[in-house]
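Undergrad: Kindly return the folded structure for what I paste below:
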Amino acid sequence: MGFKRTNIPYEETGFFSKVFIDYLEGDSKLKSFYEYPPTLSAFADALKKMGNYEYPRKLLSTTLKEYYTKNASGATSEATLKNIQKLEDKNCFTVTTGQQLCLFTGPLYFVFKIITAISLAEKLNKEYPANHFVPVFWMASEDHDFAEINHAKLFGKKIEWNAENMGGPVGRMPLTSLSSTLEDLYTLVHDEDLRKLISQSYSSEKTLGQATFSFVNALFGKYGLVIVEPDNANLKQVFSPVVTDEVLNGTSYKLVSDTDKKLADIGIEPQVHAREINLFYMDEHGRNRIEKKADKFEVLNTGKTFTANEITEAVKQSPGNFSPNALLRPVYQQSILPSAAYIGGPAEVAYWLQLKSIFDHYKIPFPILMSRNCALIMDKTAVQKINKLNISVKDIFKDTESLVKELLKRVDGVPDFEKESAELKDLYTSIGKQVGGIDPTLVASTQAELQKQFNALKTLKTKLMRVRKQQEETSISRIRKVKETLFPNGALQERTENFIPFYLEYGASLFDMLKENFDPFDFSMQILSEIEE
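TA: Presented below is the predicted three-dimensional model:
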């Protein structure tokens, strides 16, 4: 299996926001919203600052060992075990990424994030040999938006888990109702080894968090990836001072609101909106927001209330019941992980720019924000179709109708009438001068006649294009099929398609291919085209 890589600047794809592109290009107006630029040399300064921060390294390592012993006994790679142990050393740092617990990993970008983290860790280990870098995947297991994660799309079909989540953290959901979903998946997956891996990972006695852990560990453990389950009372104990401050003082709301105003001044809309309290309370009623009402703190939808003293004591006694929302999750993450870099998608990078003031307030080091690699994978069939159309791989980012028009322009027999239009204009200009010399009021009639001729040519050209379209129906159909295959419903492949179809085609070497081609410091869209060997 061989692949050719073609890079396209993000701004030429039409799929990425201006703030994301401006950040990667180092636009000066954004520099106050982050600590260090996303460059290889910037890590030298970042590591110095991080080296002075006291991370709960022993607790982190011990917690990870316990979780892996319980959930991956005998299935943990030597590389991962070594990385977990190394986290106790002050010269060890993480390259962290994270994602919701999408069913069977959901869209391709789930995998792209992990591969980017692995690639960046390897690159940093070579560039800064005095330190050690560990790729980490943070499972967003406390998220409660089940509709966002309960499906995967393969071969144009949606495989969906029709379970009921009462608003609790999805990581705790049991898989007892997943069997029919697995059966649907197996109608598309005939590889016995992959079926076995999926069956073992998503067995009925597990929760979704445990299943996601098992699946990701099986796929990426050989690279030394360390997976963190944040739904853990011991880890949250470290975060509890922030939780208490957030409940009593609404600190993040004040800080982020001020940052949002500054972003608005330079024309940037916030990605995430701050609440007065950016925390949830988790119990048997699910995961529900905490709101202050008068002198009490109310857990919405539960009838549960706390006084200030009671909720302060609850944080001390039961830190695992308190869950950060999207604004505070990065702060929780960075308070326990020595992350030199966080790898996010375009929207994540944008919303992290809202958060620096929170990190500054709590004196927690702000990581270097890195973009995950973005890619489009084209198999031999797609490459052959594009070659037959005589267009470049870069052309496929143009909209369908533009490609159709360009195709028709290349085909002989459809005149553009530009020469004739110019000649008509000269002719009627001459006529107008002659007419005007006799009766100036008739000049307008001359121009009207010219416009009629232009309209007639336009109508004729439209008819000829229609005839040519019919003649070139096969090529046009091919364009539409290629576009729909590579951009399902007009979206990027990586935001829709699951990795499994590609895994069935290329096996585990798919991940090696991605790692070989992904450069974390190459800020462009990568088209990976399969080539004959």
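
Undergrad: Low-confidence regions, the chain specifically.
TA: Per-residue confidence for the chain (pLDDT under 70) gives these ranges: 1, 410-414, 533.

Undergrad: From the centre of it, point out the most distant residue.
TA: Ile438 (70.6 Å; Cα atoms, centre = their mean).

Undergrad: quick one, what contacts that one?
TA: With Cβ atoms under 8 Å, 6 or more residues apart in numbering as the criterion, no residue contacts Ile438. Any C-beta I mention is one placed from the backbone N, CA and C, and that applies to glycine too.

Undergrad: Just name whatever secondary elements the helix of greatest length in the chain is in contact with.
TA: Counting residues, the longest helix found in the chain (DSSP state H) is helix 443-471. Judged by 3 or more Cβ pairs under 8 Å, 6 or more residues apart in numbering; DSSP states H and E, helix 443-471 is in contact with helix 400-410, helix 418-438.

Undergrad: what about it, distance to the chain center?
TA: 47 Å (Cα atoms, centre = their mean, to the nearest Å).

Undergrad: Tell me which residues of it come out buried.
TA: 446, 450, 453-454, 457, 465, 468-469 (16 or more other Cβ atoms under 10 Å).

Undergrad: Next, the angle from that helix to helix 418-438.
TA: Here helix 443-471 points in a direction 170 degrees away from that of helix 418-438 (axes from the mean of the first three to the mean of the last three Cα atoms, to 10 degrees).

Undergrad: and the helix or strand just after helix 443-471, what does it pack onto?
TA: Where DSSP states H and E defines the elements, the next helix or strand beyond helix 443-471 is helix 473-486. Applying 3+ Cβ pairs under 8 Å, 6+ apart, we find helix 473-486 packed against helix 380-389, helix 400-410.

Undergrad: So which residue is smack in the middle of the chain?
TA: Relative to the mean C-alpha position of the chain, the nearest C-alpha, by Cα atoms, centre = their mean, is the one of Gly345, at 3.6 Å.

Undergrad: Can you read off the backbone torsions of that residue?
TA: phi -80, psi 180 (degrees, to the nearest 10).

Undergrad: Could you do Ser204 as well?
TA: According to degrees, to the nearest 10, Ser204 has phi -70, psi -20.

Undergrad: Now do the contacts for it.
TA: Counting by Cβ under 8 Å, 6+ apart, the residues that Ser204 touches are 174-176, 178-179.

Undergrad: follow-up on the earlier one: shouldn't the residue nearest to the centre of the chain be in contact with Asn373?
TA: No: the criterion here is Cβ atoms under 8 Å, and Gly345 misses it with Asn373 at 10.4 Å.

Undergrad: circling back: tell me which of the helices and strands packed on helix 473-486 approaches Ser257 most closely.
TA: For Ser257, the closest of those is helix 400-410, at 42.3 Å, according to Cβ to Cβ.

Undergrad: And the contacts of that closest one?
TA: 389-391, 395-396, 398, 414, 465, 468-469, 472, 475-476, 479-480, 483.

Undergrad: if you set the cut-off to 7 Å instead, what comes out?
TA: For helix 400-410, contacts defined as Cβ atoms under 7 Å, 6 or more residues apart in numbering pick out 389, 391, 395, 414, 465, 468-469, 472, 475-476, 479-480, 483.

Undergrad: what about Asn489, how many residues close to it?
TA: Residues within reach of Asn489, counting by other Cβ atoms under 10 Å, total 8.

Undergrad: again but with Tyr67, I slipped
TA: For Tyr67, the count of nearby residues is 17 (other Cβ under 10 Å).

Undergrad: A helix includes it, no?
TA: Yes: checked against DSSP: H, G, I helix; E, B strand; the rest coil, Tyr67 lies within a helix.

Undergrad: Excluding residues flanking it in the chain, which one is nearest it?
TA: Glu229 (5.7 Å; Cβ to Cβ, 6 or more residues apart in numbering).

Undergrad: Surely Tyr36 touches Lys48?
TA: No: counting by Cβ atoms under 7 Å, Lys48 is not a contact partner of Tyr36; they are 10.8 Å apart.

Undergrad: And these two? Which one has more around it.
TA: Taking other Cβ under 10 Å, Tyr36 and Lys48 do not tie; Tyr36 has more neighbours (19 against 9).

Undergrad: Tell me how far the nearest residue in space to that one that is not next to it in sequence lies from Ile21.
TA: Among residues not flanking Tyr36 along the chain, Ala42 sits closest, at 4.1 Å (Cβ to Cβ, 6+ apart). Taking Cβ to Cβ, to the nearest Å as the criterion, Ala42 is separated from Ile21 by 19 Å.

Undergrad: got it, and Leu154?
TA: Distance, Leu154 to Ile21, using Cβ to Cβ: 31 Å.

Undergrad: hang on, Lys4 in a strand?
TA: Yes: counting by three-state DSSP, Lys4 falls inside a strand.

Undergrad: Contact partners for it?
TA: Counting by Cβ under 7 Å, 6+ apart, Lys4 has contacts 529, 531.

Undergrad: Then Ile364?
TA: Contacts of Ile364 (Cβ under 7 Å, 6+ apart): 331, 334-335.

Undergrad: Now for the residues you listed, which sits with the most neighbours around it?
TA: In the contacts of Ile364, the most neighbours by other Cβ under 10 Å go to Gln334, 25 neighbours.

Undergrad: what's the closest non-adjacent residue to that residue?
TA: Ile364 (5.3 Å).

Undergrad: tell me which element that neighbour is part of?
TA: In this assignment (DSSP H and E), Ile364 forms part of neither any helix nor any strand.

Undergrad: Assumed Tyr23 was part of a helix.
TA: Yes: the assignment for Tyr23 by three-state DSSP puts it in a helix.

Undergrad: Surely it is in contact with Val349?
TA: Yes: under the criterion of Cβ under 7 Å, Tyr23 makes contact with Val349 at 6.0 Å.

Undergrad: Now do the shared contacts for those two.
TA: Taking Cβ under 7 Å, 6+ apart as the criterion, Tyr23 and Val349 do not both touch any residue.

Undergrad: quick one: the residue nearest to Tyr67 and Glu142 touch, right?
TA: No: the pair Glu229 and Glu142 fails to qualify as a contact (Cβ under 7 Å) at a distance of 9.7 Å.

Undergrad: These two - which one has more neighbours?
TA: Glu142 (24 against 20).

Undergrad: Next up, the contacts around that one.
TA: 169, 171, 230-231, 287, 323.

Undergrad: Can you pick out the most distant pair from those?
TA: Pro230 and Arg287 (12.9 Å).

Undergrad: For the residue nearest to Tyr36, give its distance to Tyr128.
TA: From Ala42 to Tyr128 the distance is 12 Å (Cβ to Cβ).

Undergrad: How about Pro501?
TA: 37 Å.

Undergrad: Lys261 - how many residues pack around it?
TA: Counted with other Cβ under 10 Å, Lys261 comes out at 10.

Undergrad: What distance do you get for Asp426 to Ile114?
TA: In terms of Cβ to Cβ, Asp426 sits 65 Å off from Ile114.

Undergrad: swap in Lys425?
TA: Counting by Cβ to Cβ, the gap from Lys425 to Ile114 is 61 Å.

Undergrad: swap in Thr105?
TA: 9 Å.

Undergrad: And the two? Which one has more around it.
TA: Ile114 (28 against 21).

Undergrad: Phe137 is in contact with that one, correct?
TA: Yes: using Cβ under 7 Å, Ile114 is in contact with Phe137, at 5.7 Å.

Undergrad: joint contacts of these two?
TA: Residues touching both Ile114 and Phe137 (Cβ under 7 Å, 6+ apart): 97, 225.

Undergrad: Pick out whichever of the contacts of Ser204 sits closest to Thr207.
TA: Checking these one by one against Thr207 (Cβ to Cβ), the nearest turns out to be Pro174, at 5.8 Å.

Undergrad: Pull the contacting residues for the spatially closest residue to the closest one that is not a sequence neighbour.
TA: Nearest residue to Pro174 in three dimensions, chain neighbours excluded: Thr207, at 5.8 Å (Cβ to Cβ, 6+ apart). Thr207 makes contact with 171-175, according to Cβ under 7 Å, 6+ apart.
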